[in-house]
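Need the 3D shape of this:
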Amino acid sequence: MAKSDQDIYNGNAQKLSELSVGHLGVEHDVVLSPLQHDSPGEIAQTEGVADWGRNECEPMYLTALMRQNQKLRCIV
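Predicted coordinates:
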């Protein structure tokens with residue numbers, strides 16, 4: 001029985017993941033997320049929450065930056 005393209009791709013990805021052990025490190029991602037309502041980030045604003053709809057602040061300040069570390073284990 002012939003292998004499908006998906007089976008070949010999965011086999012190649014599995015073998016590459018096995019060979020990459022010890023060569024892949026930790027990746028650092030910077031993630032932008034919106035400032036959620038009633039979240040610690042919003043509640044921690046002691047001077048009040050500025051409303052960009054009323055031109056009290058620029059909309060670009062409505063996000064929170066987070067750094068995520070991801071240990072690479074496989075390539076799939």
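
Would you quantify the distance from Gly53 to Arg67?
Between Gly53 and Arg67 the computed distance is 30 Å (C-beta to C-beta, to the nearest Å). Yep, even glycine has a C-beta here, placed from its N, CA and C like the rest.

now do Gly11
Gly11 is 35 Å from Arg67, where distance means C-beta to C-beta.

More neighbours: these two, which one.
Applying other C-beta atoms under 10 Å to Gly11 and Arg67 shows that Gly11 carries more neighbours, namely 11 against 8.

What pLDDT does the model give the residue positioned nearest the centre of the chain?
The C-alpha lying nearest the average C-alpha coordinate of the chain belongs to Val31 (C-alpha atoms, centre = their mean; 5.2 Å). Note on Val31: pLDDT of 77.

just Glu42 next, same as before
At Glu42, pLDDT is 61.

Share the number of residues neighbouring Val30, please.
The number of residues near Val30, taken as other C-beta under 10 Å, comes to 8.

Check Leu19 too.
10.

and Gln68, what are its phi and psi?
phi -120, psi 130 (degrees, to the nearest 10).

For it, give me its contacts.
For Gln68, the contacting residues are 28-31, by C-beta atoms under 8 Å, 6 or more residues apart in numbering.
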